[in-house]
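Peer 1: I need the structure of the sequence given here:
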Amino acid sequence: MPISNTQILLDTQKRTVIKITGSGADQATTTVVNANTLNGAIASLGFHELLVRKIIYNVTDGGGYVKLYWQGAAANVDMVNITGQGTIDFQPEAMVLINNATNPSGNIGFSTTGMTANSAYTVILDLRKNVAHFDPGSAADPNAFGR
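Peer 2: Just a heads-up that it's a prediction; the model follows:
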């Protein structure tokens with residue numbers, strides 16, 4: 001049976017860092033980032049856009065891989081399949097991985113394929129929030145923002 005854990009390492013008005021760890025056999029499709037529950041999410045919006053800045057990963061299995069995908073109302077859209085270890089860095093700030101799901105929620109999904117009992121993985125997602133969908137703090141403290 002797979003064991004999986006998702007931890008929020010950082011969640012500010014502009015940025016979120018998520019750590020996903022697990023071991024064991026294949027992990028079924030699951031939501032690892034609920035965009036509407038993150039700090040600053042504007043409740044009246046149905047879509048909260050997150051932009052992927054960096055993915056750091058370590059997947060220890062000879063044939064298995066981790067899949068990250070954007071969740072959409074009609075269908076999920078694959079973001080990336082990762083195996084081995086490394087970093088996918090979309091820096092400078094102009095370079096990001098954009099959500100291209102149809103009718104997107106902003107959520108990020110996760111699954112594994114080909115994992116065995118001795119498999120393990122750690123994935124760190126560094127996400128930037130689109131300020132059109134997340135309050136950068138001005139609603140909580142308008143005086144600090146000159147309003």
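Peer 1: gap between residue 66 and residue 35?
Peer 2: Distance, residue 66 to residue 35, using Cβ to Cβ, to the nearest Å: 20 Å. Where C-beta positions appear, they are placed from N, C-alpha and C, glycine not excepted.
Peer 1: distance of residue 129 from residue 25?
Peer 2: Taking Cβ to Cβ as the measure, residue 129 falls 34 Å from residue 25.
Peer 1: which one of those two has more residues nearby?
Peer 2: Remark: of residue 129 and residue 25, residue 129 carries more neighbours, 25 against 15, as counted by other Cβ atoms under 10 Å.
Peer 1: so that one bridges to which residues?
Peer 2: residue 50 (DSSP bridges).
Peer 1: Residue 60 now?
Peer 2: Beta-bridge partners, per DSSP bridges, of residue 60: residue 120.
Peer 1: if you skip the residues just before and after it, what's nearest to residue 12?
Peer 2: Leaving aside its sequence neighbours, residue 12 sits nearest to residue 39 (Cβ to Cβ, 6 or more residues apart in numbering; 6.3 Å).
Peer 1: Would you list the phi and psi of that neighbour?
Peer 2: phi -50, psi 130 (degrees, to the nearest 10).
Peer 1: Equivalent analysis for residue 35, please.
Peer 2: phi -60, psi -40.
Peer 1: quick one: it and residue 45 touch, right?
Peer 2: No: counting by Cβ atoms under 8 Å, residue 35 stays clear of residue 45, with 9.6 Å between them.
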